[in-house]
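1. quick one, structure for this:
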Amino acid sequence: MLPFYEYLAIALMVVFILALFSGFPVAWLLAGVSLVFAAIGIFLGQQFGLDTFLMTSWAKFSAVVDRFDGIMSNWVLVSLPMFVYMGLMLDKSGVADTMMRNFVKVFGGIRGGLGLTVVVIGILLAASTGIVGASVVLLAMLGMPIMLQHHYSKAIASGVVAASGTLGILIPPSIMLVLMADQVSVSVGDLFMGALIPGVALGVLYMIFIVAVGFVRPDLVPPRPADAEKLTLKQVGIAFLSTLPTFGLILLVLGSIFFGIATPTEASGLGAFGAMVLAAINGKLNWKVIREVGIETTLTTCFIFAIFIGATVFAYVLRLIGGDELIAEFFKGLGLGPTGLVMVVLAVVFVAGFFLDWFEIVLIILPLLAPVIKLAGVDMTWFLILIALMLQTSFLTPPVGFSLFYLKGVVPKEVTIKDIYIGIIPFVLLQLVMVVLCFVFPTLITWLPEQMYGGGG
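-> The predicted structure is shown next:
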């Protein structure tokens with residue numbers, strides 16, 4: 001039978017999960033539920049002498065303020081608003097619109113060519129924005145009308161856009177990887193390098209799938225009509241040139257990190273400035289755009305840090321009532337080796353992704369599970385990228401798949417939520433295939449960090 005205080009820890013986790021379905025903001029739920037259980041813990045500690053594991057006073061609980069100071073003074077987290085600003089400014093710059101128009105001329109004549117265009121631009125946006133919401137909305141507004149006009153299956157078109165937009169959470173610079181590095185105390189550079197090959201490879205898997213559908217069911221992803229404009233070498237050259245500004249921004253940000261020229265925080269500032277330069281070159285930079293991007297960046301950053309603070313309170317209370325010890329003992333009791341533990345954690349994260357946003361998983365679940373994995377001697381860079389790959393599915397799995405909501409908000413009315421749900425199924429399966437490949441072949445993740453830095457986390 002479990003000690004009484006461990007039941008209290010289980011109750012805290014269960015009540016929080018149930019409270020999520022109330023629709024109340026997650027940040028306030030995290031802090032509010034934690035305060036209630038802190039009060040219960042303090043009461044029990046004072047009334048029944050349970051001070052060996054529970055808080056005995058609010059003064060002891062107030063030590064959580066020191067953790068807030070640690071969050072706000074963390075230089076790694078300074079990069080978050082800069083990366084958000086870079087992504088939103090690039091969204092306004094018109095670069096993606098130019099690439100879409102030129103790539104359609106190059107790929108549109110082959111089966112699935114428009115889908116391939118969306119994936120290629122999704123990869124480029126992922127490596128230069130890292131903002132899933134902005135990528136999904138932009139790809140939907142640029143790609144969905146063209147694909148539907150050329151009689152693409154509504155389900156396939158929806159799946160291509162939703163999946164391609166989620167690449168931004170994996171391919172660096174990714175705000176999720178920045179948060180993961182901070183929570184588990186590993187190098188952001190290692191995670192960026194480790195995610196690069198799996199992220200691009202996942203995009204290639206999407207492209208292979210689209211090409212395969214083009215051969216098996218050409219009616220679902222038809223080419224342009226035969227009387228359409230013929231492809232010329234000039235059009236190929238223009239399409240290539242249209243990618244250079246984005247490649248330049250990618251090189252500026254990731255290159256400066258990978259080659260040790262700048263820290264992630266400094267590189268995020270370079271990226272924000274570079275995105276403004278691209279917007280100015282395209283004639284899109286004005287005070288209205290600067291104001292809109294500034295407001296959206298502030299709101300997004302506030303949202304992230306509000307959850308950060310709420311998660312800090314939750315984790316602190318859970319630790320004081322023995323929750324971390326309970327979780328550690330549970331995993332030890334399974335009697336599994338390092339490989340088995342990683343498999344169980346991946347399964348937990350996959351299931352949690354159906355009900356929780358990646359923010360909650362990274363800020364609440366990951367800090368509780370990572371110490372167990374670290375004690376088992378698992379390479380943390382490999383483990384965290386596996387988690388990142390699994391978390392990517394959380395954007396596509398109902399009922400809390402945010403990419404699905406972003407997409408539904410901007411697609412034409414004839415595209416139903418059923419079309420979207422059907423369309424994402426093969427792409428979720430492809431994401432799981434990529435997880436399996438990286439699990440079986442760890443060098444897909446670890447090779448690049450080892451070559452650049454002489455070893456992962």
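
2. ok, Leu114 - contacts?
-> Val104, Phe107, Gly108, Gly143, Ile146, Met147, His150, Tyr152, Val221 (C-beta atoms under 8 Å, 6 or more residues apart in numbering). No exception for glycine: its C-beta is placed from N, CA and C like everyone else's.

3. the second one and Thr312, how far apart?
-> Put plainly, it is Phe107. Shown here: Phe107 relative to Thr312, a distance of 47 Å by C-beta to C-beta, to the nearest Å.

4. on that earlier part again, tell me which of the contacts of Leu114 is nearest to Lys408?
-> Gly143 (15.1 Å; C-beta to C-beta).

5. helices or strands up against the helix or strand harbouring that closest one?
-> Element membership for Gly143 (DSSP states H and E) is helix 132-149. For helix 132-149, the packing partners by 3 or more C-beta pairs under 8 Å, 6 or more residues apart in numbering; DSSP states H and E come out as helix 79-92, helix 95-107, helix 113-126, helix 154-166, helix 402-410.

6. go with 6 Å
-> Helix 132-149 is packed against helix 79-92, helix 113-126, helix 154-166, helix 402-410, with contacts defined by 3 or more C-beta pairs under 6 Å, 6 or more residues apart in numbering; DSSP states H and E.

7. out of those, which gets nearest to Thr297?
-> Thr297 sits nearest to helix 79-92 of all the helices and strands packed on helix 132-149, at 4.5 Å, using C-beta to C-beta.

8. tell me the mean pLDDT over the closest one?
-> Helix 79-92 shows an average pLDDT of 81 in the prediction.

9. go through that helix and flag the buried ones.
-> Neighbour-count burial for helix 79-92 flags 79-92 (criterion: 16 or more other C-beta atoms under 10 Å).

10. looking at those, which one is closest to Leu396?
-> Among those, and counting by C-beta to C-beta, the member closest to Leu396 is Gly87, at 19.6 Å.

11. report the separation between the closest one and Phe441.
-> According to C-beta to C-beta, Gly87 and Phe441 sit 31 Å apart.

12. do Leu220 as well
-> Taken as C-beta to C-beta, the span from Leu220 to Phe441 is 31 Å.

13. between these two, who's got more neighbours?
-> Counting neighbours by other C-beta atoms under 10 Å for Leu220 and for Phe441 shows that Leu220 has the greater number, 19 against 11.

14. helix, strand, or coil at the more buried one?
-> coil (DSSP: H, G, I helix; E, B strand; the rest coil).

15. same check on Ile309?
-> Applying three-state DSSP: Ile309 is helix.

16. so which helix or strand takes in Lys332?
-> Assigned by DSSP H and E, Lys332 falls in helix 323-333.

17. could I get the average pLDDT for that helix?
-> On average, helix 323-333 scores 70.

18. that helix: what's the following helix or strand?
-> Downstream of helix 323-333, the first helix or strand assigned by DSSP H and E is helix 338-352.

19. neighbours of the closest residue to Leu116 other than its chain neighbours, how many?
-> Among residues not flanking Leu116 along the chain, Phe107 sits closest, at 5.0 Å (C-beta to C-beta, 6 or more residues apart in numbering). For Phe107, the count of nearby residues is 21 (other C-beta under 10 Å).
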